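J.: Structure of the sequence below:
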Amino acid sequence: MSDGSLSLPARLYLLAWDPRKSEVTDGPLVRAGALVELVQRGLLIDDDGVATPVDLDSETGDAVLDGLLELIRESRPHSWQGWLTPHARVTLDAVREQLTADGYLRADRKRVLGIFPSVAYTLARTTAVDALREEAEQLLTGPIPLPEISPREAALLTLATTTHLLPTPDPTRTTALTTQATTTYPALTPLLTTLKPQAQGPTNAAWSRPGGPII
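T.: Predicted structure coming up:
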C-alpha cells in the first residue's frame with residue numbers, strides 16, 4: 001500500500017482523520033496499532049496474556065513506538081487490552097506530531113480571544129491519504145489474492161474494519177484477512193475484542209468527504 005513506510009499507528013491515524021472535526025480522537029485504536037507494530041518488530045511478546053518487552057534496551061528509532069515501549073517497561077504488567085487506554089492520549093498526540101513533522105498534517109498556530117495560544121491541525125497531503133484509502137478498498141474487495149497480502153497489511157485492514165474506518169464490502173474476504181492477521185499476531189485478538197464494542201455506527205466519518213465517500 002502507499003506510504004507503507006509509515007507505522008501502523010500513523011496509517012490508522014490518517015484513516016481515522018475526521019474532516020469535519022479536523023482531528024482524531026480514537027486513542028485506543030491508534031494505541032492498538034502501535035502495540036501490533038511492536039509485536040511485528042519483535043519487541044513485544046505475549047507471556048500468558050501479558051504484553052511483555054523482549055528486553056530492556058532495544059529501540060525502533062520511531063519516537064511513537066519507543067515512547068510506548070518505554071512506558072510498558074516502566075509500568076506494572078498489563079494484558080494486551082489493558083494497554084489500550086492508559087495514557088492513550090500520549091500516543092495519539094505523538095503520532096499527530098510525527099505526521100506533522102513528516103508533512104502529512106499542517107499545524108496552524110493562533111490565539112483564542114487574542115490571548116490563549118492554540119494549534120489547529122489540517123490535513124496537508126490529502127492525495128496521499130486518498131490513495132491510502134483507495135488501496136485499502138482494493139485489498140478488501142480484490143482482485144489481489146489473499147496470499148499476496150502481508151500479515152501487516154491484514155492487521156491494518158482488520159483494525160480499520162473492526163472500528164468502521166473502512167466498509168466491509170466482502171465479509172468473507174474480511175474474515176479471511178482477520179484470520180490471517182490474528183494467526184500471525186495472536187495479541188491482536190484481545191485487542192479486537194475490546195475495540196469492537198467501542199466502535200459506533202456502520203461506517204466512520206473519516207472515510208467520507210463532501211460529495212460522498214472516498215471508498
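
J.: which residues are contacting whichever helix or strand T179 is part of?
T.: Assessed by DSSP states H and E, T179 sits inside helix 171-184. Here helix 171-184 makes contact (Cβ atoms under 8 Å, 6 or more residues apart in numbering) with 139-142, 146, 149, 151, 154-155, 157-158, 161-162, 168, 188-189, 192. For the C-beta atoms, the positions are set from N, CA and C on the backbone; glycine is no exception.

J.: Filter these down to the buried ones.
T.: 139-140, 149, 151, 154-155, 157-158, 161-162, 168, 188, 192 (16 or more other Cβ atoms under 10 Å).

J.: how about the helices of the chain, start to end?
T.: Using DSSP state H, the helices of the chain run over residues 8-16, 27-40, 63-74, 88-101, 126-141, 151-162, 171-184, 188-198.

J.: could you dump those to a markdown table with distance to D57?
T.: Shown next, in a markdown table, are the helices of the chain (distance: least, Cβ to Cβ, whole Å):
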| stretch | distance to D57 |
| --- | --- |
| helix 8-16 | 22 |
| helix 27-40 | 14 |
| helix 63-74 | 9 |
| helix 88-101 | 20 |
| helix 126-141 | 33 |
| helix 151-162 | 24 |
| helix 171-184 | 26 |
| helix 188-198 | 26 |
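
J.: With K110 as the reference, name the closest of those.
T.: Across the helices of the chain, K110 has its closest neighbour in helix 88-101 (15.4 Å, Cβ to Cβ).

J.: helices and strands of this protein: which one bottoms out on pLDDT?
T.: Ranking every helix and strand in the chain by mean pLDDT, DSSP states H and E puts strand 212-213 at the bottom, with a mean of 36.
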